[in-house]
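*Asks:* sequence below, structure please.
(one chain, ligands or ions: 2)
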Amino acid sequence: MEPGPPGSFGPAEPGPCLSGQRGADHAASASLQSAARTEPGGHSLAVAAVLPAGGCGERMGVPTPKQFCPILERPLISYTLQALERVYWIKDIVVAVTGENMEIMKSIIQKYQHKRISLVEAGVTRHRSIFSGLKALAEDQLNSKLSKPEVVIIHDAVRPFVEEDVLLKVVTAAKEHGAAGAIRPLVSTVISPSADGCLDHSLERARHRASEMPQAFLFDVIYEAYQQCTDYDLEFGTECLQLALKYCRTKAKLVEGSPDLWKVTYKRDLYAAESIIKEIISQEICVVMDSKEDNKHVGHLLEEVLKSELNVHFLDFKLVPPSQKMENLMQIKEFSKKVKERNILLYGLLISYPQDEQKLQESLRQGAIIIASLVKERNSGLIGQLLIA
Ligand SMILES: Nc1ccn([C@@H]2O[C@H](COP(=O)(O)OP(=O)(O)OP(=O)(O)O)[C@@H](O)[C@H]2O)c(=O)n1
Ligand SMILES: O=P(O)(O)OC[C@@H](O)[C@@H](O)[C@@H](O)CO
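*Replies:* Numbers count the residues shown, from 1 in each chain. Ligands and ions are numbered 1, 2, ... in the order given. Down below sits the predicted model:
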(Lines give C-alpha, C1' and ligand atoms only; values in the text may rest on other atoms or scores of the structure.)
(Ligands and ions follow the chains in the order given, each with its own letter.)
Protein backbone atom coordinates (compact mmCIF):
# COMPACT_ATOMS: atom_id res chain seq x y z
CA MET A 1 0.00 0.00 0.00
CA GLU A 2 1.29 3.42 -0.76
CA PRO A 3 0.09 6.74 0.57
CA GLY A 4 -0.41 9.55 -1.82
CA PRO A 5 -1.59 7.93 -5.10
CA PRO A 6 -2.69 10.07 -8.06
CA GLY A 7 -5.04 12.65 -6.61
CA SER A 8 -2.61 13.87 -3.97
CA PHE A 9 -1.46 17.37 -4.47
CA GLY A 10 1.82 19.17 -4.81
CA PRO A 11 5.19 18.09 -6.15
CA ALA A 12 5.91 14.36 -6.12
CA GLU A 13 8.13 14.29 -3.09
CA PRO A 14 9.02 11.40 -0.81
CA GLY A 15 7.12 10.70 2.32
CA PRO A 16 3.55 11.27 3.38
CA CYS A 17 2.00 13.65 0.96
CA LEU A 18 -0.86 15.62 2.42
CA SER A 19 -3.64 15.89 -0.08
CA GLY A 20 -4.50 19.22 -1.58
CA GLN A 21 -7.06 21.72 -0.47
CA ARG A 22 -9.15 20.23 2.31
CA GLY A 23 -12.57 21.73 2.60
CA ALA A 24 -11.84 24.80 0.53
CA ASP A 25 -14.16 25.24 -2.43
CA HIS A 26 -12.02 25.14 -5.54
CA ALA A 27 -14.34 27.46 -7.43
CA ALA A 28 -14.28 30.01 -4.62
CA SER A 29 -10.54 29.66 -4.39
CA ALA A 30 -10.15 30.29 -8.11
CA SER A 31 -12.25 33.44 -7.97
CA LEU A 32 -10.41 34.59 -4.83
CA GLN A 33 -7.11 33.95 -6.53
CA SER A 34 -7.97 36.08 -9.51
CA ALA A 35 -9.30 38.87 -7.27
CA ALA A 36 -6.30 38.76 -4.93
CA ARG A 37 -3.63 38.75 -7.53
CA THR A 38 -4.68 40.82 -10.46
CA GLU A 39 -4.35 44.56 -10.38
CA PRO A 40 -6.00 47.12 -12.61
CA GLY A 41 -4.09 46.66 -15.82
CA GLY A 42 -3.97 42.93 -15.12
CA HIS A 43 -0.50 42.38 -13.66
CA SER A 44 -0.43 39.74 -10.93
CA LEU A 45 0.33 40.55 -7.29
CA ALA A 46 3.87 39.71 -6.14
CA VAL A 47 3.55 37.69 -2.92
CA ALA A 48 6.33 36.21 -0.78
CA ALA A 49 6.34 34.47 2.61
CA VAL A 50 8.60 34.70 5.67
CA LEU A 51 8.73 31.67 7.96
CA PRO A 52 10.37 32.21 11.35
CA ALA A 53 12.01 28.87 12.22
CA GLY A 54 14.83 29.91 14.52
CA GLY A 55 13.38 28.93 17.88
CA CYS A 56 14.67 26.30 20.29
CA GLY A 57 11.27 24.88 21.26
CA GLU A 58 11.87 25.13 25.02
CA ARG A 59 8.23 24.39 25.89
CA MET A 60 8.38 21.19 23.81
CA GLY A 61 10.88 19.90 26.33
CA VAL A 62 13.00 17.85 23.92
CA PRO A 63 16.58 18.44 22.69
CA THR A 64 15.54 18.86 19.04
CA PRO A 65 14.01 22.24 18.16
CA LYS A 66 10.33 21.43 17.51
CA GLN A 67 10.37 22.64 13.89
CA PHE A 68 12.77 19.76 13.17
CA CYS A 69 10.96 17.14 15.28
CA PRO A 70 9.87 14.22 13.10
CA ILE A 71 6.23 13.43 12.42
CA LEU A 72 5.94 10.06 10.65
CA GLU A 73 9.71 10.31 10.13
CA ARG A 74 9.46 13.65 8.35
CA PRO A 75 10.44 16.97 10.01
CA LEU A 76 7.52 19.17 11.07
CA ILE A 77 8.82 22.16 9.08
CA SER A 78 8.69 20.11 5.87
CA TYR A 79 4.90 19.83 6.16
CA THR A 80 4.61 23.60 6.53
CA LEU A 81 6.87 24.17 3.52
CA GLN A 82 4.81 21.65 1.55
CA ALA A 83 1.62 23.52 2.45
CA LEU A 84 3.05 26.84 1.26
CA GLU A 85 4.61 25.34 -1.89
CA ARG A 86 1.19 24.07 -2.85
CA VAL A 87 0.21 27.72 -3.29
CA TYR A 88 1.71 28.52 -6.67
CA TRP A 89 1.23 32.29 -6.40
CA ILE A 90 3.66 32.59 -3.46
CA LYS A 91 6.83 33.23 -5.42
CA ASP A 92 9.46 33.13 -2.65
CA ILE A 93 9.55 31.49 0.77
CA VAL A 94 12.19 32.90 3.12
CA VAL A 95 12.96 30.68 6.11
CA ALA A 96 14.87 32.06 9.11
CA VAL A 97 16.94 29.40 10.87
CA THR A 98 19.85 29.60 13.29
CA GLY A 99 23.36 29.20 11.91
CA GLU A 100 23.73 25.87 13.70
CA ASN A 101 20.61 24.50 12.01
CA MET A 102 21.41 25.83 8.53
CA GLU A 103 22.85 22.50 7.32
CA ILE A 104 19.90 20.53 8.72
CA MET A 105 17.53 22.88 6.92
CA LYS A 106 19.45 22.54 3.65
CA SER A 107 19.30 18.74 3.90
CA ILE A 108 15.53 18.85 4.49
CA ILE A 109 15.08 21.08 1.43
CA GLN A 110 17.17 18.67 -0.62
CA LYS A 111 15.56 15.45 0.64
CA TYR A 112 11.97 16.63 0.26
CA GLN A 113 12.69 18.58 -2.92
CA HIS A 114 11.33 21.85 -1.55
CA LYS A 115 11.36 24.69 -4.07
CA ARG A 116 11.35 28.51 -3.93
CA ILE A 117 13.10 28.45 -0.53
CA SER A 118 15.71 30.99 0.60
CA LEU A 119 17.44 30.71 3.97
CA VAL A 120 18.44 33.58 6.26
CA GLU A 121 20.02 33.69 9.70
CA ALA A 122 17.44 33.77 12.48
CA GLY A 123 17.59 36.24 15.35
CA VAL A 124 17.51 35.62 19.09
CA THR A 125 13.79 36.39 19.18
CA ARG A 126 10.93 35.63 16.81
CA HIS A 127 10.58 39.30 15.85
CA ARG A 128 14.28 39.51 15.04
CA SER A 129 14.00 36.37 12.90
CA ILE A 130 11.05 37.83 11.02
CA PHE A 131 12.96 41.10 10.54
CA SER A 132 15.88 39.11 9.14
CA GLY A 133 13.54 37.50 6.62
CA LEU A 134 12.05 40.84 5.61
CA LYS A 135 15.52 42.31 5.05
CA ALA A 136 16.26 39.51 2.60
CA LEU A 137 13.21 40.58 0.60
CA ALA A 138 13.85 44.33 0.76
CA GLU A 139 15.72 45.55 -2.31
CA ASP A 140 17.72 48.07 -0.27
CA GLN A 141 19.96 45.31 1.06
CA LEU A 142 23.34 44.79 -0.61
CA ASN A 143 23.19 40.99 -0.77
CA SER A 144 19.47 40.76 -1.49
CA LYS A 145 18.95 38.29 -4.36
CA LEU A 146 15.18 38.33 -4.00
CA SER A 147 12.83 40.88 -5.47
CA LYS A 148 10.66 42.88 -3.13
CA PRO A 149 7.06 41.57 -2.99
CA GLU A 150 4.02 43.82 -2.81
CA VAL A 151 2.47 41.64 -0.09
CA VAL A 152 4.38 39.47 2.40
CA ILE A 153 2.89 36.58 4.38
CA ILE A 154 4.36 35.87 7.83
CA HIS A 155 3.67 32.36 9.07
CA ASP A 156 5.17 30.33 11.93
CA ALA A 157 7.12 27.32 10.64
CA VAL A 158 5.43 25.22 13.35
CA ARG A 159 1.90 25.73 12.01
CA PRO A 160 1.79 22.99 9.34
CA PHE A 161 -1.95 22.95 8.66
CA VAL A 162 -2.36 26.10 6.62
CA GLU A 163 -4.57 26.00 3.53
CA GLU A 164 -4.63 28.18 0.43
CA ASP A 165 -8.01 29.70 1.22
CA VAL A 166 -6.90 31.40 4.45
CA LEU A 167 -3.67 32.53 2.78
CA LEU A 168 -5.70 34.05 0.00
CA LYS A 169 -8.03 35.77 2.47
CA VAL A 170 -5.22 37.41 4.47
CA VAL A 171 -3.36 38.46 1.31
CA THR A 172 -6.51 39.93 -0.22
CA ALA A 173 -7.30 41.76 3.02
CA ALA A 174 -3.71 42.99 3.42
CA LYS A 175 -3.78 44.37 -0.13
CA GLU A 176 -6.80 46.47 0.84
CA HIS A 177 -6.08 47.31 4.50
CA GLY A 178 -2.29 47.16 4.68
CA ALA A 179 -2.32 44.30 7.18
CA ALA A 180 -4.40 41.23 7.98
CA GLY A 181 -4.22 38.33 10.39
CA ALA A 182 -6.00 35.08 11.14
CA ILE A 183 -7.86 34.90 14.44
CA ARG A 184 -9.61 32.16 16.42
CA PRO A 185 -12.12 32.17 19.27
CA LEU A 186 -10.52 31.98 22.72
CA VAL A 187 -10.73 28.60 24.40
CA SER A 188 -9.85 29.87 27.89
CA THR A 189 -10.83 33.20 29.42
CA VAL A 190 -8.02 35.79 29.62
CA ILE A 191 -7.45 37.27 33.07
CA SER A 192 -5.24 40.04 34.35
CA PRO A 193 -3.47 39.23 37.65
CA SER A 194 -2.69 41.93 40.23
CA ALA A 195 0.83 42.47 41.62
CA ASP A 196 0.02 40.26 44.62
CA GLY A 197 -0.87 37.35 42.37
CA CYS A 198 -4.63 37.65 42.72
CA LEU A 199 -7.24 38.30 40.13
CA ASP A 200 -7.36 41.93 39.11
CA HIS A 201 -9.95 41.50 36.35
CA SER A 202 -10.92 39.15 33.56
CA LEU A 203 -11.60 39.97 29.93
CA GLU A 204 -14.99 39.17 28.44
CA ARG A 205 -14.10 36.12 26.38
CA ALA A 206 -16.73 36.64 23.71
CA ARG A 207 -15.31 40.09 22.91
CA HIS A 208 -11.73 38.90 22.44
CA ARG A 209 -9.95 36.60 20.00
CA ALA A 210 -6.69 34.68 19.81
CA SER A 211 -4.24 35.98 17.24
CA GLU A 212 -2.98 33.15 15.06
CA MET A 213 -1.06 32.83 11.79
CA PRO A 214 -0.89 33.35 8.80
CA GLN A 215 -0.68 37.12 8.73
CA ALA A 216 -0.08 39.28 5.67
CA PHE A 217 1.08 42.83 5.12
CA LEU A 218 1.85 45.31 2.40
CA PHE A 219 5.59 44.80 2.41
CA ASP A 220 6.39 48.49 2.84
CA VAL A 221 4.09 48.72 5.89
CA ILE A 222 5.61 45.85 7.87
CA TYR A 223 9.18 46.60 6.78
CA GLU A 224 8.80 50.22 7.91
CA ALA A 225 7.32 49.05 11.21
CA TYR A 226 10.25 46.72 11.90
CA GLN A 227 12.75 49.41 10.97
CA GLN A 228 11.14 51.82 13.43
CA CYS A 229 10.36 49.51 16.33
CA THR A 230 12.34 49.59 19.58
CA ASP A 231 14.68 46.96 20.93
CA TYR A 232 12.05 46.28 23.57
CA ASP A 233 9.54 45.42 20.85
CA LEU A 234 12.05 43.18 19.10
CA GLU A 235 13.00 41.51 22.37
CA PHE A 236 9.63 40.97 24.02
CA GLY A 237 6.93 41.50 21.41
CA THR A 238 4.85 38.61 20.02
CA GLU A 239 2.44 40.38 17.69
CA CYS A 240 3.36 41.64 14.22
CA LEU A 241 -0.09 43.19 13.75
CA GLN A 242 0.62 45.45 16.74
CA LEU A 243 3.86 46.69 15.15
CA ALA A 244 1.95 47.72 12.01
CA LEU A 245 -0.60 49.56 14.17
CA LYS A 246 1.93 51.21 16.50
CA TYR A 247 4.48 52.35 13.91
CA CYS A 248 2.44 52.67 10.71
CA ARG A 249 -1.01 53.41 12.10
CA THR A 250 -2.27 50.46 10.07
CA LYS A 251 -5.27 48.65 11.54
CA ALA A 252 -5.09 45.01 10.46
CA LYS A 253 -8.17 43.33 9.03
CA LEU A 254 -8.99 40.28 11.15
CA VAL A 255 -9.84 37.08 9.30
CA GLU A 256 -11.56 34.13 11.00
CA GLY A 257 -9.24 31.13 10.64
CA SER A 258 -10.00 27.41 10.75
CA PRO A 259 -9.31 25.29 13.88
CA ASP A 260 -6.29 23.76 12.12
CA LEU A 261 -4.22 26.96 12.37
CA TRP A 262 -2.90 26.14 15.87
CA LYS A 263 0.79 26.33 16.67
CA VAL A 264 2.80 23.24 17.69
CA THR A 265 4.12 24.35 21.07
CA TYR A 266 3.96 21.48 23.58
CA LYS A 267 4.63 17.76 23.14
CA ARG A 268 0.89 17.06 23.07
CA ASP A 269 0.68 19.27 19.97
CA LEU A 270 3.16 16.98 18.21
CA TYR A 271 0.97 13.95 18.98
CA ALA A 272 -2.08 15.84 17.75
CA ALA A 273 -0.28 16.87 14.56
CA GLU A 274 0.75 13.25 13.93
CA SER A 275 -2.85 12.07 14.33
CA ILE A 276 -4.12 14.72 11.92
CA ILE A 277 -1.45 13.85 9.35
CA LYS A 278 -2.22 10.14 9.67
CA GLU A 279 -5.90 10.93 9.17
CA ILE A 280 -5.13 12.96 6.04
CA ILE A 281 -2.88 10.37 4.42
CA SER A 282 -5.14 7.46 5.35
CA GLN A 283 -7.87 8.95 3.21
CA GLU A 284 -5.90 8.16 0.11
CA ILE A 285 -4.46 4.71 -0.35
CA CYS A 286 -3.47 2.52 -3.23
CA VAL A 287 -3.96 -1.26 -3.03
CA VAL A 288 -1.90 -3.34 -5.45
CA MET A 289 -3.76 -6.61 -5.98
CA ASP A 290 -2.12 -9.76 -7.28
CA SER A 291 -5.29 -11.04 -8.78
CA LYS A 292 -6.17 -12.95 -11.93
CA GLU A 293 -8.06 -10.83 -14.46
CA ASP A 294 -11.23 -12.93 -14.09
CA ASN A 295 -11.34 -12.18 -10.36
CA LYS A 296 -11.63 -8.44 -10.83
CA HIS A 297 -14.87 -8.46 -8.86
CA VAL A 298 -12.88 -9.52 -5.78
CA GLY A 299 -11.10 -6.17 -5.98
CA HIS A 300 -14.36 -4.29 -6.16
CA LEU A 301 -15.78 -6.30 -3.25
CA LEU A 302 -12.65 -5.43 -1.21
CA GLU A 303 -13.05 -1.79 -2.22
CA GLU A 304 -16.61 -1.72 -0.88
CA VAL A 305 -15.61 -3.35 2.41
CA LEU A 306 -12.56 -1.04 2.73
CA LYS A 307 -14.65 2.09 2.28
CA SER A 308 -16.68 1.16 5.33
CA GLU A 309 -13.46 0.74 7.34
CA LEU A 310 -11.43 3.71 6.18
CA ASN A 311 -13.79 6.49 5.13
CA VAL A 312 -11.68 6.41 1.96
CA HIS A 313 -11.99 9.36 -0.38
CA PHE A 314 -9.95 7.67 -3.05
CA LEU A 315 -9.03 4.12 -3.71
CA ASP A 316 -6.88 3.05 -6.60
CA PHE A 317 -6.57 -0.63 -7.43
CA LYS A 318 -3.70 -1.90 -9.48
CA LEU A 319 -4.37 -5.40 -10.85
CA VAL A 320 -1.11 -7.13 -11.60
CA PRO A 321 -0.59 -10.55 -13.26
CA PRO A 322 -0.64 -13.35 -10.68
CA SER A 323 2.78 -13.95 -9.09
CA GLN A 324 4.07 -17.35 -10.12
CA LYS A 325 6.09 -18.38 -7.12
CA MET A 326 6.58 -17.69 -3.46
CA GLU A 327 9.88 -15.92 -4.21
CA ASN A 328 7.90 -13.19 -6.03
CA LEU A 329 6.26 -12.52 -2.66
CA MET A 330 9.71 -12.45 -1.09
CA GLN A 331 10.46 -9.58 -3.47
CA ILE A 332 8.05 -7.51 -1.40
CA LYS A 333 10.55 -7.65 1.46
CA GLU A 334 13.39 -6.22 -0.64
CA PHE A 335 11.22 -3.70 -2.45
CA SER A 336 9.73 -2.47 0.84
CA LYS A 337 13.23 -1.57 2.11
CA LYS A 338 13.83 0.53 -1.01
CA VAL A 339 10.55 2.47 -0.87
CA LYS A 340 10.94 2.97 2.89
CA GLU A 341 13.75 5.41 2.06
CA ARG A 342 11.06 7.52 0.41
CA ASN A 343 8.95 7.13 3.55
CA ILE A 344 6.51 4.85 1.72
CA LEU A 345 5.45 1.82 3.76
CA LEU A 346 4.78 -1.37 1.78
CA TYR A 347 3.10 -4.41 3.32
CA GLY A 348 2.13 -7.83 1.93
CA LEU A 349 -1.34 -9.24 2.56
CA LEU A 350 -2.69 -12.61 1.43
CA ILE A 351 -6.49 -12.76 1.22
CA SER A 352 -7.99 -16.10 0.28
CA TYR A 353 -11.12 -15.82 -1.81
CA PRO A 354 -13.09 -19.09 -1.56
CA GLN A 355 -15.97 -19.75 -3.95
CA ASP A 356 -18.41 -19.68 -1.04
CA GLU A 357 -19.77 -16.11 -1.04
CA GLN A 358 -20.15 -15.90 2.73
CA LYS A 359 -16.61 -17.12 3.38
CA LEU A 360 -15.37 -14.73 0.70
CA GLN A 361 -17.09 -11.77 2.45
CA GLU A 362 -15.55 -12.85 5.76
CA SER A 363 -11.99 -13.00 4.46
CA LEU A 364 -12.44 -9.68 2.62
CA ARG A 365 -13.73 -8.07 5.82
CA GLN A 366 -10.74 -9.43 7.70
CA GLY A 367 -8.47 -8.10 4.96
CA ALA A 368 -10.07 -4.65 5.14
CA ILE A 369 -9.60 -4.54 8.92
CA ILE A 370 -5.91 -5.37 8.53
CA ILE A 371 -5.47 -2.78 5.74
CA ALA A 372 -7.26 -0.12 7.81
CA SER A 373 -5.04 -0.66 10.82
CA LEU A 374 -1.85 -0.72 8.69
CA VAL A 375 -2.83 2.58 7.03
CA LYS A 376 -3.88 4.29 10.26
CA GLU A 377 -0.93 3.10 12.36
CA ARG A 378 1.75 3.21 9.63
CA ASN A 379 3.71 0.67 11.64
CA SER A 380 7.14 0.59 9.97
CA GLY A 381 7.96 -2.60 11.89
CA LEU A 382 5.65 -4.61 9.60
CA ILE A 383 6.92 -3.39 6.25
CA GLY A 384 7.76 -6.20 3.82
CA GLN A 385 5.93 -8.70 6.01
CA LEU A 386 3.25 -11.00 4.61
CA LEU A 387 0.03 -10.86 6.61
CA ILE A 388 -2.81 -13.30 6.03
CA ALA A 389 -6.50 -12.44 6.21
N1 LIG B 1 14.31 33.36 18.05
C2 LIG B 1 13.24 32.80 17.47
C3 LIG B 1 12.19 32.24 18.24
C4 LIG B 1 11.12 31.63 17.58
N5 LIG B 1 11.13 31.58 16.23
C6 LIG B 1 10.07 30.89 15.52
O7 LIG B 1 8.82 31.49 15.76
C8 LIG B 1 7.80 30.49 15.65
C9 LIG B 1 6.81 30.56 16.81
O10 LIG B 1 7.54 30.73 18.00
P11 LIG B 1 7.44 29.71 19.25
O12 LIG B 1 6.27 28.81 19.13
O13 LIG B 1 7.59 30.49 20.49
O14 LIG B 1 8.76 28.81 19.02
P15 LIG B 1 9.95 28.63 20.07
O16 LIG B 1 10.49 29.96 20.48
O17 LIG B 1 10.89 27.66 19.45
O18 LIG B 1 9.23 27.93 21.31
P19 LIG B 1 9.57 28.16 22.85
O20 LIG B 1 9.05 29.53 23.19
O21 LIG B 1 8.81 27.06 23.54
O22 LIG B 1 11.06 28.06 23.01
C23 LIG B 1 8.49 29.14 15.59
O24 LIG B 1 8.43 28.64 14.26
C25 LIG B 1 9.91 29.46 15.98
O26 LIG B 1 10.87 28.60 15.35
C27 LIG B 1 12.16 32.16 15.48
O28 LIG B 1 12.14 32.12 14.25
N29 LIG B 1 13.20 32.76 16.11
O1 LIG C 1 4.80 33.81 21.34
P2 LIG C 1 5.21 32.58 20.63
O3 LIG C 1 6.62 32.74 20.07
O4 LIG C 1 4.99 31.30 21.37
O5 LIG C 1 4.31 32.43 19.34
C6 LIG C 1 4.03 33.51 18.57
C7 LIG C 1 2.56 33.78 18.63
O8 LIG C 1 2.33 34.71 19.61
C9 LIG C 1 2.10 34.30 17.31
O10 LIG C 1 2.39 33.33 16.38
C11 LIG C 1 0.61 34.58 17.27
O12 LIG C 1 0.09 34.91 18.51
C13 LIG C 1 0.30 35.67 16.26
O14 LIG C 1 1.03 36.80 16.53
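*Asks:* quick check: which element contains the nearest residue to Arg128 once chain neighbours are set aside?
*Replies:* Once flanking residues are discounted, Arg128 sits nearest to Leu234: 5.3 Å by Cβ to Cβ, 6 or more residues apart in numbering. Heads up, the C-betas are built off the backbone N, CA and C, glycines and all. Under DSSP states H and E, the secondary-structure element containing Leu234 is helix 231-236.
*Asks:* any bit of that helix sitting next to ligand 1?
*Replies:* No: for helix 231-236, no contact with ligand 1 is found by Cβ under 6 Å from any ligand atom; the gap never falls below 10.3 Å.
*Asks:* that helix: how far from the chain's middle?
*Replies:* Shown here is helix 231-236, whose average C-alpha point lies 29 Å from the average C-alpha point of the whole chain (Cα atoms, centre = their mean, to the nearest Å).
*Asks:* and if you look at stretch 349-368?
*Replies:* Its chain's C-alpha centre lies 37 Å from the corresponding centre of stretch 349-368 when counted by Cα atoms, centre = their mean.
*Asks:* ok, residues contacting it?
*Replies:* For stretch 349-368, the surrounding residues in contact (Cβ atoms under 8 Å, 6 or more residues apart in numbering) are 295, 298, 301-302, 305-306, 308-310, 370-371, 386-389.
*Asks:* relative to Met102, how far out is the closest residue in space to Ala136 that isn't next to it in sequence?
*Replies:* Take Ala136 and drop its neighbours on the chain: the residue closest to it by Cβ to Cβ, 6+ apart is Val120, 4.7 Å away. Using Cβ to Cβ, to the nearest Å, one obtains 10 Å as the distance from Val120 to Met102.
*Asks:* shouldn't Ser118 be within a strand?
*Replies:* Yes: secondary structure of Ser118 (DSSP: H, G, I helix; E, B strand; the rest coil): part of a strand.
*Asks:* kindly report the residues of the stretch 251-389 of the chain close to ligand 1.
*Replies:* Within the stretch 251-389 of the chain, the positions near ligand 1 by Cβ under 6 Å from any ligand atom are 263, 265.
*Asks:* where does the stretch 251-389 of the chain dip in pLDDT?
*Replies:* For the stretch 251-389 of the chain, applying pLDDT under 70 flags the ranges 283-284, 289-295, 311-329.
*Asks:* which stretches in it count as helices?
*Replies:* Counting by DSSP state H, counting those that start in this stretch, the stretch 251-389 of the chain forms helices over residues 267-281, 296-310, 326-340, 357-377, given from the N-terminal end onward.
*Asks:* and these: which comes nearest ligand 2?
*Replies:* Proximity of the helices of the stretch 251-389 of the chain to ligand 2 was assessed by Cβ to the nearest ligand atom; the nearest stretch is helix 267-281, lying at 11.3 Å.
*Asks:* got the buried residues for that closest one?
*Replies:* Of the residues in helix 267-281, those buried under the neighbour-count criterion (16 or more other Cβ atoms under 10 Å) are 269-270, 273-274, 276-278, 280-281.
*Asks:* need these in TSV (columns: distance to Leu146).
*Replies:* Formatted as TSV, the buried residues of helix 267-281 follow (distance: Cβ to Cβ, whole Å):
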residue	distance to Leu146
Asp269	31
Leu270	32
Ala273	30
Glu274	33
Ile276	32
Ile277	30
Lys278	36
Ile280	31
Ile281	33
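*Asks:* no further queries at this time; thank you.
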